[in-house]
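Peer 1: Here is the input, now give the coordinates:
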Amino acid sequence: MSAGSVPHRDLPYYITTDVSVFDHVRMHGWLSNSYWAKGIPREVMTRAFENSLGFGLFHNKHGQMGCARMITDRATFAYLADVYVSESCRGNKLGRWLIDVIMAHRDIQGLRRIMLATSDMHKLYAQVGFKPLANPDAIMEISVPDLYSRKAP
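Peer 2: All right, here's what the predicted structure looks like:
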């Protein structure tokens, strides 16, 4: 277990923010096949975690089993991204525990806004306080969903 890790009280899992111990090969396998980061190059994914507040979910014997990251200035804003729990350990409420640990992290306290985007996990995130946008007309975006699948010119 890494320094600064949070052990699960009942199961052989822990969460760490020490990105130096993350299994980037395994994470890339998960995220490059996800609906939100399909085809993401491994170097891009690694850089994204290195420049965010990353969280790794680990089993004591089987290594990394999940991940997530908060993109944040640690003062006013954060965006929760790349939340993933391996299919092999779903059903143990580890996703909820991962979100609870993230939301309790000292660098996330006192922020004015925390956002995320999800297509299928609204129920989970609502349990920790996320709600639909209060003023959706005020939010704008530049979205390039097929960025990683485009061919270079």
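
Peer 1: Next, name the residue at the spatial heart of the chain.
Peer 2: residue 68 (1.8 Å; C-alpha atoms, centre = their mean).

Peer 1: For that one, which residues are in contact?
Peer 2: For residue 68, the contact set (C-beta atoms under 8 Å, 6 or more residues apart in numbering) comprises 54-55, 57, 80-84, 98-99, 102. C-betas here are computed from N, CA, C, even on glycine.

Peer 1: Tell me the helix or strand right after the helix or strand where residue 64 lies.
Peer 2: Taking DSSP states H and E as the criterion, residue 64 maps to strand 63-72. Once the chain leaves strand 63-72, the next helix or strand it forms, by DSSP H and E, is strand 77-85.

Peer 1: For that next one, which residues meet the burial criterion?
Peer 2: Within strand 77-85, the residues that count as buried by 16 or more other C-beta atoms under 10 Å are 78, 80-85.

Peer 1: Stretch 10-23 too?
Peer 2: For stretch 10-23, by 16+ other C-beta under 10 Å, it's 13-17, 19, 22.

Peer 1: If you average the pLDDT over it, what comes out?
Peer 2: What stretch 10-23 shows for mean pLDDT is 95.

Peer 1: and that stretch, how far apart are its ends?
Peer 2: Start to finish, the residues bounding stretch 10-23 are 24 Å apart (C-alpha to C-alpha, to the nearest Å).

Peer 1: what's the answer for stretch 83-100, then?
Peer 2: 12 Å.

Peer 1: looking at it, residue 128 is touching residue 97, isn't it?
Peer 2: No: using C-beta atoms under 8 Å, residue 128 makes no contact with residue 97, being 11.0 Å away.

Peer 1: Those two: which has the busier surroundings?
Peer 2: residue 97 (20 against 14; other C-beta atoms under 10 Å).
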